[in-house]
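Colleague: coords please:
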Amino acid sequence: MEYIYELTLKVRDYECDLQGIVNNANYQHYLEHTRHEFLLSVGLDFAKLHEEGVDPVVARINMAFKTPLKSGDEFVSKLYMKKEGIKYVFYQDIFRRSDQKVVVKAVVESVCLVNGRLNTSDLFDRVFASYLNE
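Modeller: Below you'll find the model as predicted:
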């Protein structure tokens with residue numbers, strides 16, 4: 001496993017619940033934001049893709065929560081990917097920056113709708129070719 005992208009973020013107060021830890025739903029936002037920033041880093045804009053009829057969508061997410069984050073914590077969200085059939089599978093891990101403890105381990109399966117139909121994306125295959133760990 002070799003990460004191909006990483007993004008450093010910081011927990012905001014409103015992302016925490018009454019227990020003072022990040023609410024579980026916010027981790028999906030962190031993961032999604034990381035994927036979108038990864039797309040931008042390889043020259044793909046999520047909104048422009050939609051305008052061109054290419055819509056990557058999440059088909060399944062599996063998340064394992066390991067260590068909670070608290071308000072003000074900085075963390076690093078990392079990813080690598082594989083292609084399985086028509087799915088692009090993102091393996092995403094979040095680490096607390098202060099001690100490098102694993103916060104979340106996630107597997108995000110995504111597929112592409114091309115002009116509204118489930119299909120492979122030649123564009124993604126081409127852009128992701130050097131990143132895919134098949």
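
Colleague: the helices in this protein, which residues?
Modeller: With DSSP state H as the criterion, the chain has helices at 24-41, 46-51, 122-128.

Colleague: Just name the most buried of those.
Modeller: helix 24-41 (a mean of 17; mean count of other CB atoms under 10 Å). Every residue, glycine included, has its C-beta placed from N, CA and C.

Colleague: circling back: compare the helices of the chain and report which one is nearest to Val102.
Modeller: Closest approach to Val102 among the helices of the chain (CB to CB): helix 24-41, 12.3 Å.

Colleague: For the closest one, what does the pLDDT average out to?
Modeller: Mean pLDDT, helix 24-41: 97.

Colleague: do the same with stretch 80-98
Modeller: On average, stretch 80-98 scores 96.

Colleague: What residues of it count as buried?
Modeller: 80-81, 83, 87-96 (16 or more other CB atoms under 10 Å).

Colleague: from these, which is closest to Ser121?
Modeller: Of the buried residues of stretch 80-98, the one sitting nearest to Ser121 (CB to CB) turns out to be Tyr88, at 8.4 Å.

Colleague: measure that closest one to Phe128 for me?
Modeller: To Phe128, Tyr88 is 7 Å away according to CB to CB, to the nearest Å.

Colleague: For the residue nearest to Gln28 when sequence neighbours are not counted, give me its contacts.
Modeller: Leaving aside its sequence neighbours, Gln28 sits nearest to Ile61 (CB to CB, 6 or more residues apart in numbering; 6.8 Å). Residues near Ile61 by CB atoms under 8 Å, 6 or more residues apart in numbering: Gln28, Leu31, Ala106, Val107, Val108, Glu109.
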